[in-house]
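K.L.:
3D, please:
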Amino acid sequence: LTAAELADGRVVAWWQGRSEAGPRALGHRSLLADPRNASMVAHINSNVKGREAFRPFAPSVLAEEAANWFDGIAPFHPETDPEVQWGLKGHVSPFMSLTVHVKKGLETKIPAVTHVDGTSRLQSVMSSNDSLYYALIKAFFQLTGVPMVLNTSFNTIKSEPITESPSDAVRSFLHARGSIALLVMGNNLVRR
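P.N.:
Predicted coordinates for the structure are as follows:
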């Protein structure tokens, strides 16, 4: 259901499990959208988050598919690669800490997560690290042929940090005034 909502062009608030610490939302407190839809950048910046239009968004991509879409990422096969290598020229970037170029010709397929210089600050997602988020991205991939989703922090209220508690999530969801179609919190689905 959630993957279909994303594929249909809706923004989804994804609030799952334990909270995250650090400068990036990594799939526990995230706003998610379809990276194929170029208009998502303006929609999320203006209508959802109420911030500057130039702010870019990042892709959360299945780790085993990242090398097919981005330069500088080594192929990764979770079944046969016992040693995961991190960082540039490695397999994975689970903390959204690498900025790499989108492969030539694929920029137009994922315009909402391709920055003006042709790069993306990607997060690679492995089933072993976050099985629920991985399953969502995998379902989106099966529907669309694109193994990633647009990911940004779940916060819609100016000057407030990423949502922490369930009440923060509901308040932030309601504050978006209908620009977020669905809030997925654990096994609960809340629609506007």
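
K.L.:
Strands of the chain, residue ranges please.
P.N.:
Ranges of strands within the chain are 12-15, 29-33, 58-62, 98-101, 119-125, 148-153, 182-185, 188-191, based on DSSP state E.

K.L.:
list the helices and strands the longest one packs on?
P.N.:
Put plainly, it is strand 119-125. Applying 3 or more Cβ pairs under 8 Å, 6 or more residues apart in numbering; DSSP states H and E, one finds that strand 119-125 contacts strand 58-62, strand 98-101, helix 131-144. Every residue, glycine included, has its C-beta placed from N, CA and C.

K.L.:
Parallel or antiparallel, list what pairs with it.
P.N.:
Partners of strand 119-125 in the sheet, by DSSP bridges, are strand 58-62 (parallel), strand 98-101 (antiparallel).

K.L.:
Adding distance to residue 121 and mean pLDDT, write those strands out as JSON lines.
P.N.:
Compiled in JSON lines, the strands paired with strand 119-125 are given as follows (distance: least, Cβ to Cβ, whole Å; pLDDT from 0 to 100):
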{"stretch": "strand 58-62", "distance to residue 121": "5", "mean pLDDT": "97"}
{"stretch": "strand 98-101", "distance to residue 121": "5", "mean pLDDT": "92"}
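
K.L.:
Show me what stretch 171-179 is in contact with.
P.N.:
The contact list for stretch 171-179 (Cβ atoms under 8 Å, 6 or more residues apart in numbering) reads 11, 13, 43, 47-48, 154-157, 160, 163, 180, 183, 190, 192.
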